[in-house]
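A.B. asks: Provided below for reference: sequence and predicted model.
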Amino acid sequence: MASHAIEVKNLYKIFGPRGEEYVDVVKKGMGKAELNEKHGHVLGLQDINILMPGGCITVVMGLSGSGKSTLIRHINRLIDPTAGEVLYDGTDVCKMNENDLRQFRRHKTAMVFQKFALLPHRTVLENTVYGLEIQGIERRESEKRARGWIERVGLKGFENHYPNQLSGGMQQRVGLARALTNDADILLMDEAYSALDPLIRMDMQTVLLDLQKELKKTVVFITHDLDEALRLGDKIAILRDGRVVQQGTGQQIVLSPADDYITAFVKEVNRGRVVHVETIMRPLSGNPEGVSLTVGTVLEAAARTMTGAHVATGHVVDENGRAIGAIDLQAIIAAMVTPTSHTDRQAA
Ligand SMILES: Nc1ncnc2c1ncn2[C@@H]1O[C@H](COP(=O)(O)OP(=O)(O)OP(=O)(O)O)[C@@H](O)[C@H]1O
């Protein structure tokens, strides 16, 4: 069975007329500044290797100019790589012929943009059916599907409104409904929520997480916001200057930042709301003691439960209620305290 995973392998993008000529020097260690200075070419991405598992949300995070948009645009080949592969279910998107690429883009991928990209003269319904219209799907069927998704994203009753009659959050819901109506396996979201107010942004994150529980699409989500990355990402890849500096689960990144750059990024994160009890539990020795904490409970909630029950010990249980580890309040508090730097942590 197809896994619907996306595998980015040894990907390089060097912007400029003779990018291919400089792949080797970059491989040998020439950095972005030197390449620009000596050869007038821009190093967009270098040696990117990321497995984006099917049915999961992979977040690509990084500051402005780190290469996030360049990377996501390779997935539906809006940009051709200078070297490397982008495999989807084993097929290299970069080698598809024109017809296969058109089919892939139309049927397998859908994009959600920061600026919504809605057609202003079309209503919510007409914007949502647009993709199906292009595919030549019969109106009755396309409208039925569109109305279903409009309802799912919480816009029932707004079908006949125009984009300028809607708030930013509502417009982004239309963008999401339009993308989902396509029924594509891959959802590409490029800074989709970055223009929204914080509360609306949280709402939209919740909408995506709720839908994803059921839809299990392969989502690639670009953001420069770590809180958003930690909330949404089953997996997070952090880019800097066109390179992946660290990839893993949010917890791995917060607990074991790969270098001082990532440490600085995660410093302000409330680890109590990110790290799960199973991550820091120790093996059970003897009978389970204290309060029972289900896998997935975050440290802050665990500490609250223990304090409420006036105990300093607990055990972690799996989905079936089986005890799988032990934990105590002291370990929880220790894990909630942020290490000062990567170097300090290594020395500790
Ligand atoms: N068409 C292009 N020609 C030349 N350089 C480019 C081109 N597109 C992107 N770049 C450069 O590639 C690097 C990565 O850019 P990219 O837009 O992918 O970063 P980003 O992380 O998405 O940034 P932002 O968050 O600001 O959108 C930057 O140095 C950028 O200037």
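C.D. replies: On my side now, so go ahead.

A.B. asks: excluding its backbone neighbours, what's nearest the residue sitting nearest the centre point of the chain?
C.D. replies: Centrality entry for the chain: nearest residue to the mean C-alpha point is residue 59, 2.1 Å, by C-alpha atoms, centre = their mean. In space, residue 59 comes closest to residue 233 once its chain neighbours are excluded; the distance is 3.5 Å by C-beta to C-beta, 6 or more residues apart in numbering. Any C-beta I mention is one placed from the backbone N, CA and C, and that applies to glycine too.

A.B. asks: Also residue 306?
C.D. replies: Using C-beta to C-beta, 6+ apart and skipping residues adjacent in sequence, the residue nearest residue 306 is residue 329, 5.2 Å away.

A.B. asks: That neighbour touches residue 309, doesn't it?
C.D. replies: No - counting by C-beta atoms under 8 Å, residue 329 does not reach residue 309; the two are 10.7 Å apart.

A.B. asks: higher neighbour count, the two?
C.D. replies: residue 329 (16 against 12; other C-beta atoms under 10 Å).

A.B. asks: Could I have the CA atoms of stretch 72-91 written out in CSV?
C.D. replies: Extracted in CSV, the C-alpha atoms of stretch 72-91 (Å, rounded to 0.1, in the frame of the first residue of the first chain):
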residue,chain,number,x,y,z
ILE,A,72,7.8,23.6,0.0
ARG,A,73,7.7,24.8,-3.6
HIS,A,74,9.9,21.9,-4.6
ILE,A,75,7.2,19.5,-3.4
ASN,A,76,4.8,20.4,-6.2
ARG,A,77,7.7,21.5,-8.3
LEU,A,78,6.9,25.1,-8.6
ILE,A,79,10.7,25.2,-8.3
ASP,A,80,13.1,22.7,-10.0
PRO,A,81,16.0,21.6,-7.8
THR,A,82,19.6,22.1,-8.8
ALA,A,83,20.3,18.6,-7.5
GLY,A,84,18.5,15.9,-5.5
GLU,A,85,15.1,14.2,-5.4
VAL,A,86,11.6,14.7,-4.0
LEU,A,87,9.9,11.3,-3.8
TYR,A,88,6.2,10.8,-3.4
ASP,A,89,5.2,7.2,-3.0
GLY,A,90,8.5,6.3,-4.6
THR,A,91,8.2,8.6,-7.7
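
A.B. asks: hang on, the earlier thing: how many neighbours does the residue nearest to residue 59 have?
C.D. replies: That count, for residue 233 with other C-beta under 10 Å as the rule, works out to 23.

A.B. asks: Check residue 81 too.
C.D. replies: The burial count for residue 81: 23, using other C-beta under 10 Å.

A.B. asks: what helix or strand is it on?
C.D. replies: Using DSSP states H and E, residue 81 sits within no helix or strand.

A.B. asks: so which residue of the stretch 101-250 of the chain comes closest to the ligand?
C.D. replies: residue 224 (5.6 Å; C-beta to the nearest ligand atom).

A.B. asks: Skipping its backbone neighbours, what lies nearest residue 57 in space?
C.D. replies: Nearest residue to residue 57, sequence neighbours excluded (C-beta to C-beta, 6+ apart): residue 219, at 4.3 Å.

A.B. asks: Thought residue 67 was touching the residue of the stretch 101-250 of the chain closest to the ligand, still the case?
C.D. replies: No - if you go by C-beta under 8 Å, residue 224 and residue 67 don't touch, sitting 11.8 Å apart.
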